[in-house]
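A.B. asks: Just a sequence and a predicted model for now, questions to come.
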Amino acid sequence: MATRCGTIAIIANPAAQNGRGAWTAVEAASLLRAKVGEGGFKLLLTERAGHATALAAQLGPEVGAVVALGGDGLINEVACGLMERDADERPVLGVIPAGSGNDYAATLGMASSLPAAIDQILAFRTGPADVGRVNGHYFVETLSFGLDAAIALDTVERRVRTGRAGTRLYLESAVDQLFHHLNIYDFTARFEGVPNAEPDVRTVEAAAYLLAVQIGPTYGGHFRITPDAALDDGLFDVCWAVPELAPRRALAVLLAARFGRHTGNKHIHFQRSRALTLDFDQEPPAQIDGEKITGTHFAIDCIPHALTVVLGH
Ligand SMILES: Nc1ncnc2c1ncn2[C@@H]1O[C@H](COP(=O)(O)OP(=O)(O)OP(=O)(O)O)[C@@H](O)[C@H]1O
């Protein structure tokens, strides 16, 4: 049976969520077979890290929608593959959440139940989404430095070691980092394309525990670090937290951020901009859509409406 979007290609990470991705992929294929028949979709399983980018870049013209089945790391890889294609030949990006954090799936409003997510994909309500780029690497939801990146990276190792997931995993990491590794990072940020400002540039020299450059509102498993960030406004929402906070106060602010209630705190700063450069005095822990990156100089720009995405709401 034909779908509203041509052939759907599911790119699935069998290793996502400690191997549960393989089971979710089989279930998704079975549900799709019942709804659109064998000819309406194809299932492609990744074989290694980075494979999803090559798969997404090489899909044939019959594919109208690519669905990333996995976590934020897999979605990032699929998006990178789509960005290698000419803008007018990019299939629509859909997401079936099957990872540990699933921040981007939440940003798109995708259901966590697999049958409901499949129905949302087939309903094919689409909209534009901005894509971020840092030193030539694309990101769809989050780029962050300092404490929160250290937490995000620690959760990857901790998940494998403890089998934990979701908010509990994140909070365990957070407490460990806050009480044992609460470092401060000196940085200079040069914002360009600041809305409603003349001139539309701003330079900030500060020290921070963390700095997040967001396309969507959440990171780290649904922490609403920039609660008002919009997917399609052509702007980053940047948030940073400045000293001095005792670890217990810092933990309280972090917990408030779970629900986006940290915004009035005097240690928390926000700036919107179309682009920015960041220079750190020393290399901070850094993550891009949940995966590690390195460096001290970061040139970051927002590509407005680079992707069309399937929205769940
Ligand atoms: N077949 C594979 N075998 C091993 N690793 C893979 C494979 N395919 C993709 N990966 C890697 O697995 C990593 C994590 O994938 P993914 O984001 O899907 O799951 P997750 O880590 O469980 O979820 P989240 O990113 O939401 O925390 C990615 O960096 C990706 O490169």
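C.D. replies: Thanks, I have the structure now.

A.B. asks: For the residue in the stretch 151-300 of the chain that the ligand sits nearest to, give me its contacts.
C.D. replies: Relative to the ligand, the nearest point of the stretch 151-300 of the chain is G290 (4.2 Å; CB to the nearest ligand atom). (C-beta placed from N, C-alpha, C; glycine too.) Applying CB atoms under 8 Å, 6 or more residues apart in numbering to G290 gives the contacts 71-73, 76, 101, 103, 142, 152, 156.

A.B. asks: make it 7 Å
C.D. replies: 71-73, 101, 152 (CB atoms under 7 Å, 6 or more residues apart in numbering).

A.B. asks: now do Q271
C.D. replies: Applying CB under 7 Å, 6+ apart, we find Q271 in contact with 191, 202, 238.

A.B. asks: Okay, and it sits in which element?
C.D. replies: In the assignment (DSSP states H and E), Q271 maps to strand 268-273.

A.B. asks: can you list the residues that contact whichever helix or strand comes after that strand?
C.D. replies: The first helix or strand that comes after strand 268-273 along the chain, using DSSP H and E, is strand 275-280. The contact list for strand 275-280 (CB under 7 Å, 6+ apart) reads 185-193, 236, 238, 296-302.

A.B. asks: Could you list which of these belong to strands?
C.D. replies: 185-192, 236, 238, 297-302 (DSSP state E).

A.B. asks: got the contact list for the residue in the chain positioned nearest to the ligand?
C.D. replies: Nearest residue of the chain to the ligand, counting by CB to the nearest ligand atom: G71, 2.0 Å away. Contacts for G71 (CB under 7 Å, 6+ apart) come out as 16-17, 98-102, 290.

A.B. asks: how does it look with 8 Å?
C.D. replies: Contacts for G71 were tallied using CB under 8 Å, 6+ apart; they are 13, 16-17, 97-102, 290.

A.B. asks: Which residue lies closest in space to it, excluding its sequence neighbours?
C.D. replies: Leaving aside its chain neighbours, G71 sits nearest to G99 (1.7 Å; criterion: CB to CB, 6 or more residues apart in numbering).

A.B. asks: What residues does the stretch 51-200 of the chain have near the ligand?
C.D. replies: 51, 70-74, 77, 99-102 (CB under 6 Å from any ligand atom).

A.B. asks: Out of those, who's the most crowded?
C.D. replies: The residue in these with the most neighbours, by other CB atoms under 10 Å, is D72 (32 neighbours).

A.B. asks: what's across from V213 in the sheet?
C.D. replies: The partner list for V213 in beta bridges (DSSP bridges) reads L143, V238.

A.B. asks: Return the per-residue confidence for it.
C.D. replies: Here, the pLDDT recorded for V213 equals 98.

A.B. asks: Strand partners (parallel or antiparallel) of the strand holding Q271?
C.D. replies: Strand 268-273 pairs in its sheet with strand 236-241 (antiparallel), by DSSP bridges.

A.B. asks: same question for the partner strand, mean pLDDT?
C.D. replies: The model assigns strand 236-241 a mean pLDDT of 97.

A.B. asks: could I get that strand in CSV with only the CA atoms?
C.D. replies: Provided in CSV are the C-alpha atoms of strand 236-241 (Å, rounded to 0.1, in the frame of the first residue of the first chain):
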residue,chain,number,x,y,z
PHE,A,236,19.8,29.3,19.1
ASP,A,237,18.6,29.6,22.7
VAL,A,238,21.9,29.8,24.7
CYS,A,239,21.9,29.3,28.5
TRP,A,240,24.8,29.5,30.9
ALA,A,241,25.1,29.2,34.7
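
A.B. asks: what's the helix or strand for the closest residue in space to A250 that isn't next to it in sequence?
C.D. replies: Nearest residue to A250, sequence neighbours excluded (CB to CB, 6+ apart): L178, at 5.3 Å. Per DSSP H and E, L178 falls inside helix 166-180.

A.B. asks: T126 against T308, yeah?
C.D. replies: Yes. Look at T126 against T308 with CB atoms under 8 Å: they come within range, at 5.2 Å.

A.B. asks: Identify the contacts common to those two.
C.D. replies: Joint contacts of T126 and T308 (CB under 8 Å, 6+ apart) are V92.

A.B. asks: okay, who's weakest in the contacts of G290 by pLDDT?
C.D. replies: Lowest pLDDT among those: G101, with 78.

A.B. asks: so who does the nearest residue in space to that one that is not next to it in sequence touch?
C.D. replies: Using CB to CB, 6+ apart and skipping the chain neighbours, the partner closest in space to G101 is G221 (4.1 Å). The neighbours of G221, taking CB under 8 Å, 6+ apart as the test, are 100-103, 155, 166-167, 169-170.

A.B. asks: circling back to that earlier point, counting only strands, which of the residues of the stretch 51-200 of the chain next to the ligand make the cut?
C.D. replies: G70.

A.B. asks: Could you dump the residues of the stretch 51-200 of the chain next to the ligand into a markdown table with distance to P115 added?
C.D. replies: Below are those laid out as a markdown table (distance: CB to CB, whole Å):
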| residue | distance to P115 |
| --- | --- |
| H51 | 27 |
| G70 | 18 |
| G71 | 19 |
| D72 | 22 |
| G73 | 24 |
| L74 | 20 |
| E77 | 25 |
| G99 | 18 |
| S100 | 21 |
| G101 | 22 |
| N102 | 16 |
